[in-house]
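*Asks:* Any chance you could fold what I've pasted below:
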Amino acid sequence: MTNYPQPIGRNRSDPPIEASQVGYAVDVRVFLAIITTTMAVAFGAGVMMGPSDPALVIPVLNLMGIPIPPSLEGYRRLDGANFDDKSAVASAAGKLGEHYVGSVPTMTYHSTSKKAKIQQGEITVDGNIAIHDDDDDDDDEESVGITQPRREATNHIATLGQKIRETHVNIDTPVLEGTADNLSFERDIHFSNASGDEDIDAMKDANLRDQTSPSGQHLLVDIKNVDAAFLNSESRLAEAMVKTVEAAGLTMLSYHCHSLHPAGVSCVGVLLESHISFHTWPDEGVITLDMFTTSSKPLLPALPDIERLFGVPRVNAETGEEEEVVSVWSHELRGFRTDEERRANVYDDNSDLSNWVTSPLEVTKKQIVTVKTEFQQIDIWDASEREDLPSYEDGVRLGFGPDDPRWMQHEYASPTRLLFLDGALMAIADSDAEFHESLVHPGMFAHPSPRNVVILGGGDGATLREVLRHRSVEKVTMIEKDAKLVELARMHLPKMCNCSNIVGSSDVCFDDPRAELVFQQPKDYFESNKLAGIDFWVVDGTVPETHREVPEHWFNDKEFVDSIIDSLSENGVLATQVGTAPTILDPRADLGVFHHRERFINFLEANPKIKSIFVYEEAHCGFYEPKAFLVACRDVTCRRHWYAETDEIDYAIYDRIGGLKSGMPSLVHYDGATQRSFQAPPRAWETVYCRREPEPFECAYRGLDKDAELFEFDPENEDESAFEIRTSKNEETGENEVAVYAKVDMPEGSYLMPTHLAASFEVSDDSMENVYANTQIEGVDKATVIEDFIDFVDTHGHPSIQEGSGKNYVEVGGSFMMRISEDPKEVNVRRWIPSHPDGGRPKYSPVYDRHRHSFDVFIVASRDIKAGEEIVKPVGLWDI
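*Replies:* Sure thing, here's the model as predicted:
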């Protein structure tokens with residue numbers, strides 16, 4: 001007997017509990033019958049109401065004795081004919097065609113399938129496809145119709161209605177890449193009926209659209225404030241889609257649209273070149289569209305048609321007026337192109353035009369003009385980003401108050417106008433003053449009085465505008481290769497060429513009587529006109545920033561650069577922009593994308609007529625990165641003006657430029673403080689310069705030696721001072737003399753009295769000349785203190801090693817008490833940076849420009865100095 005576990009609380013001796021039935025008993029056979037019947041009923045309902053193939057549905061309905069729905073009436077058997085009967089299918093197609101809306105225009109397709117005989121298909125105006133037998137062996141052409149029924153609307157959330165019969169156009173023979181000079185790029189495609197290689201070669205001479213390159217164009221468009229009824233209509237949307245494809249010069253193969261629940265439409269069109277698709281939100285008034293094409297034909301020209309066809313404005317329910325349709329879009333080049341193809345395409349993602357305008361979806365943009373001339377492609381756009389806020393000028397124009405909330409609303413911000421040449425951003429209207437003032441005035445004020453000026457490029461007129469501000473200018477020759485750029489600047493860039501507020505000028509800068517416009521290649525103009533006596537040359541043009549060589553650019557033409565230098569007057573100045581400012585991460589300058597700039601600087605360094613070169617940068621020009629500029633001078637006295645104090649520059653601006661007709665200041669960005677920031681280039685220039693091979697001599701002195709000791713002089717604390725002052729009487733003169741002695745051992749290279757030397761004061765040659773002149777005025781009592789000051793400067797001061805700078809440094813600490821000796825055996829001091837091995841300082845050196853004050857004051861021990869030894873300086877310590 002089997003022992004089963006007993007329920008809790010019972011003993012084995014208790015009487016057994018009788019079993020009884022709980023719930024209802026179900027026969028499995030009955031259960032299966034019910035399930036089968038339910039499935040059959042569901043299938044029948046689906047056949048009658050759901051999206052099923054008529055070829056399957058009609059026989060089942062006939063078997064069940066159910067009437068055929070009107071939408072499938074065209075598929076009913078006719079007089080016992082089967083579904084392979086072509087006339088029956090054609091009749092059905094004709095009936096279904098009456099229900100189709102939004103059909104495509106008539107188009108013809110061909111096939112070269114090896115598995116089926118060749119047929120020709122035609123999409124009719126009713127939206128059906130008629131297949132014609134194209135077999136040459138059969139003289140009697142037969143055809144069969146394939147219907148594309150439009151789905152019936154449904155309220156069921158799980159279905160999109162009648163299933164759409166898909167149509168495929170199969171092409172077995174690929175379209176080869178065309179190599180002919182003039183491809184027609186017709187919409188029709190012509191294929192040979194044969195499939196051998198010899199026929200593929202024959203196709204090369206046909207009019208083929210080149211689709212073999214693995215690249216394309218992608219256009220994304222978002223539009224809002226669109227009419228809800230339009231966005232909810234399959235037929236109207238399909239019509240707009242077809243017309244868009246036609247306007248773009250593309251080829252529609254088929255398309256499908258679906259109404260969504262409770263509102264909205266999704267459509268996709270299959271193109272020979274790829275696809276077009278979109279989705280709508282009628283209640284929100286929004287449509288988002290995506291168009292991709294592998295065609296070489298530009299896709300951007302289709303944008304106005306897209307905005308026109310899909311931008312049906314909605315009516316504001318409160319005002320009854322149409323709302324402004326707003327669109328944002330993005331254009332991208334897709335796939336893979338060769339480097340040459342990328343460089344040749346202004347819409348490549350490396351171009352400024354792409355990065356600033358065509359690619360960012362968040363940028364609102366408007367195309368003003370695009371012109372392809374014999375020299376370049378000119379693009380002018382208005383653009384603004386979504387986070388842009390109103391400017392000061394916007395607030396003044398719109399009358400904003402201090403607490404006006406519109407200051408923080410993007411829609412009140414004016415877009416900025418942008419000028420592109422061959423995809424490179426050349427000018428930003430809102431910040432053109434910062435750029436062009438930085439380009440022109442540092443070089444103009446480096447010249448004492450520029451009268452004859454030449455501008456290379458500058459077709460937008462802004463450089464000419466800045467030059468004409470200088471009252472000393474008598475003649476300006478502007479050499480611009482492209483007359484069309486000047487024409488477009490007059491029409492679309494009026495702010496940049498506006499001289500109406502300049503005293504003595506014209507309303508438009510190009511019309512100023514001092515200006516002569518020459519439309520010719522600069523090099524050709526030079527060869528036919530021997531220019532000379534030019535006080536100021538300014539170059540306003542594109543700068544190559546690429547790894548590839550650009551031999552045609554003037555940066556790479558030494559002969560042309562030398563001819564410009566030869567045309568300068570004795571104290572002439574050359575100014576140019578030199579591209580994007582470097583960073584400390586850049587490689588050696590002659591290896592990176594800026595090797596063109598380095599080569600140009602090398603040309604200037606090698607020319608004996610150039611005496612000084614300055615580089616500087618400005619971060620407020622509106623570009624993504626700071627812009628770099630260069631000024632080169634034929635005379636070292638250029639440094640005197642370059643290193644001028646802020647008040648000197650401010651006075652020069654007042655004296656030479658003055659104010660505007662309106663009484664406002666003539667310049668909005670450049671002044672003495674701005675020039676002060678240009679005098680020492682940022683550290684990246686020094687870093688990249690010192691990557692030259694071999695390393696320049698002065699690069700070893702970019703900072704004080706952290707391993708060297710510093711020995712200070714402290715006259716108020718003799719115990720802490722490393723030096724002591726001893727007084728002795730000169731036996732020959734009988735006068736007391738002072739000398740400086742070391743109290744401790746000082747190793748070679750140690751810095752001596754650095755704090756006192758850093759306190760040396762700077763005085764210019766101009767200041768000393770003025771002080772001396774005051775002592776020579778008749779009737780003015782001699783001021784002993786002034787004469788003593790002049791004597792002190794003459795004795796203890798020294799000129800800067802920056803030749804031509806006009807600066808002098810006067811020692812005021814303990815160092816001026818050091819004895820000077822001609823005996824090299826006595827001397828134990830030298831200046832921190834020794835004389836340059838080549839003599840003087842290099843004409844171009846960011847190191848000297850950045851450390852010029854340190855190089856002019858610090859001294860070190862030239863050998864080991866013992867405690868108790870006198871500190872002696874050499875004669876000519878600061879000689880250049």
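
*Asks:* which stretches of the stretch 501-650 of the chain have low pLDDT?
*Replies:* 546-552 (pLDDT under 70).

*Asks:* Now do the strands in it.
*Replies:* For the stretch 501-650 of the chain, applying DSSP state E, counting those that start in this stretch gives strands covering 515-518, 534-540, 568-580, 612-618, 627-633.

*Asks:* Does the nearest residue to residue 702 once chain neighbours are set aside fall in a helix, a strand, or a coil region?
*Replies:* Once its chain neighbours are removed from consideration, residue 702 has its nearest residue in residue 847; the separation is 6.0 Å (CB to CB, 6 or more residues apart in numbering). Every C-beta, even on glycine, is put in place using the N, C-alpha and C of the backbone. Of the three states, residue 847 takes helix according to DSSP: H, G, I helix; E, B strand; the rest coil.

*Asks:* residues in contact with residue 847?
*Replies:* 686, 689, 690, 696, 698, 699, 701, 702 (CB atoms under 8 Å, 6 or more residues apart in numbering).

*Asks:* Any regions of the protein where pLDDT drops low?
*Replies:* Per-residue confidence for the chain (pLDDT under 70) gives these ranges: 1-26, 44-61, 63-66, 68-212, 546-552, 778-783.

*Asks:* Report how many residues lie close to the spatially closest residue to residue 635 that is not a sequence neighbour.
*Replies:* Distances taken as CB to CB, 6+ apart place residue 571 nearest to residue 635, at 4.3 Å, with adjacent residues excluded. Here the number of neighbours of residue 571 (other CB atoms under 10 Å) works out to 19.

*Asks:* is it true that residue 571 touches residue 637?
*Replies:* Yes - at 6.8 Å, residue 571 counts as touching residue 637 under the criterion of CB atoms under 8 Å.

*Asks:* mind checking the SS state of residue 794?
*Replies:* At residue 794 the chain is in helix, as set by three-state DSSP.

*Asks:* how far is the helix or strand containing residue 454 from where the chain is centred?
*Replies:* Counting by DSSP states H and E, the element that carries residue 454 is strand 452-457. Offset of strand 452-457 from its chain centre (CA atoms, centre = their mean, to the nearest Å): 28 Å.

*Asks:* quick one: that strand to strand 534-540, angle?
*Replies:* Compare the direction of strand 452-457 with that of strand 534-540 by axes from the mean of the first three to the mean of the last three CA atoms, to 10 degrees and you get 20 degrees.

*Asks:* which residues touch strand 452-457?
*Replies:* Counting by CB under 8 Å, 6+ apart, the neighbours of strand 452-457 from elsewhere in the structure are 463-464, 467, 473-480, 522, 531, 533-541, 554, 567, 569.

*Asks:* repeat for stretch 496-514
*Replies:* Contacting residues not belonging to stretch 496-514 are listed as 427, 429, 432, 460-462, 464-465, 468-469, 471, 473-476, 486, 489-490, 494, 515, 517, 658-662, 664, 666 [CB under 8 Å, 6+ apart].

*Asks:* Among those residues, which ones are in strands?
*Replies:* By the criterion of DSSP state E, membership of the contacts of stretch 496-514 in strands covers 427, 475, 476, 515, 517.

*Asks:* Mind picking the two most distant members of these?
*Replies:* Taking every pair in the ones in strands among the contacts of stretch 496-514 and measuring CB to CB, the maximum separation is 24.5 Å, between 427 and 475.

*Asks:* out of these two, which sits in the busier spot?
*Replies:* Ranked by neighbour count (other CB under 10 Å), residue 427 and residue 475 place residue 427 first, with 26 against 14.

*Asks:* I figured that one hits residue 434, correct?
*Replies:* No - between residue 427 and residue 434 there is no contact under CB under 8 Å: 11.2 Å.

*Asks:* Just the buried ones out of the contacts of stretch 496-514, please.
*Replies:* Neighbour counting with 16 or more other CB atoms under 10 Å marks 427, 429, 432, 460-462, 464-465, 468-469, 473, 476, 486, 489, 515, 517, 666 as buried within the contacts of stretch 496-514.

*Asks:* Go through the residues you listed and flag which are in helices.
*Replies:* Per DSSP state H, helices hold the following members of these: 432, 462, 464, 465, 486, 489.

*Asks:* The last one: what's it in contact with?
*Replies:* Meaning residue 489. By CB under 8 Å, 6+ apart, residue 489 lies in contact with 459, 460, 461, 496, 497.

*Asks:* Mind doing that once more with 6 Å?
*Replies:* Each residue near residue 489 by CB atoms under 6 Å, 6 or more residues apart in numbering is listed here: 460, 461, 497.
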